[in-house]
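> Any chance you could fold what I've pasted below:
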Amino acid sequence: MRSVPDRAGGLLAREAIVLDARAADRDDAVRACGRVLVDAGAVDPAYVDAMLERERSISTYLGEGVAIPHGTNEGRDLIHRDALAFVRFPEGTDWNGNPVTVCIAIAARGDGHMEILAELAQVLMDPDKARELREADDPDRIIALLAPRGEEEQTTDSPQTGQEHTV
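Numbering: from 1, shown residues only. A predicted model of the protein is given here:
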């Protein structure tokens, strides 16, 4: 069995994956995502307000039932370390008229989250992978789906045959 990295892109810890959240609306969903980041020790509790402020100025809804709530630039001082949180809302929540079932919350002081956003864009452009991300119930699979390509599959040379194979 292939081992999966503990964190996707060094940002998503297994402890920051919640698969059964409930939210009355968009703001409630953003607060739930913020709590996961706070509980992970990645952000100060006041960062949640910066996330709500960002959402009120511009929607973080991406499409395919996915949103990426994150704080304003002014909220970056409230971030202790770059991190992601994956929060699923199985019953969905209304995001300004769009149904959202998955939020990937971002706390990033710099551009360390850009790789994961690029990977997320690749996942969402593939309807099958987007569905798999929305439906995955195994944290290891979620991490693998969001891991940069080089981390999800690594090729090595077989010592016996000298041929390349995927691990």
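
> And the strands in the chain, which stretches?
Using DSSP state E, the strands found in the chain span residues 7-8, 12-18, 61-63, 66-67, 83-95, 98-107, 155-157, 164-166.

> would JSON lines of the ones you listed with mean pLDDT be doable?
JSON lines is the format used below for these (pLDDT from 0 to 100):
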{"stretch": "strand 7-8", "mean pLDDT": "42"}
{"stretch": "strand 12-18", "mean pLDDT": "94"}
{"stretch": "strand 61-63", "mean pLDDT": "89"}
{"stretch": "strand 66-67", "mean pLDDT": "92"}
{"stretch": "strand 83-95", "mean pLDDT": "95"}
{"stretch": "strand 98-107", "mean pLDDT": "95"}
{"stretch": "strand 155-157", "mean pLDDT": "36"}
{"stretch": "strand 164-166", "mean pLDDT": "36"}
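
> Next, format those strands as a markdown table and append distance to residue 146 and mean neighbour count.
C-beta coordinates here come from the backbone N, C-alpha and C atoms, glycine included. Formatted as a markdown table, these follow (distance: least, C-beta to C-beta, whole Å; neighbours: other C-beta atoms under 10 Å):
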| stretch | distance to residue 146 | mean neighbour count |
| --- | --- | --- |
| strand 7-8 | 4 | 22 |
| strand 12-18 | 6 | 19 |
| strand 61-63 | 13 | 17 |
| strand 66-67 | 11 | 24 |
| strand 83-95 | 7 | 22 |
| strand 98-107 | 8 | 24 |
| strand 155-157 | 20 | 9 |
| strand 164-166 | 19 | 9 |
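
> who wins for proximity to residue 120 among these?
Across these, residue 120 has its closest neighbour in strand 98-107 (6.5 Å, C-beta to C-beta).
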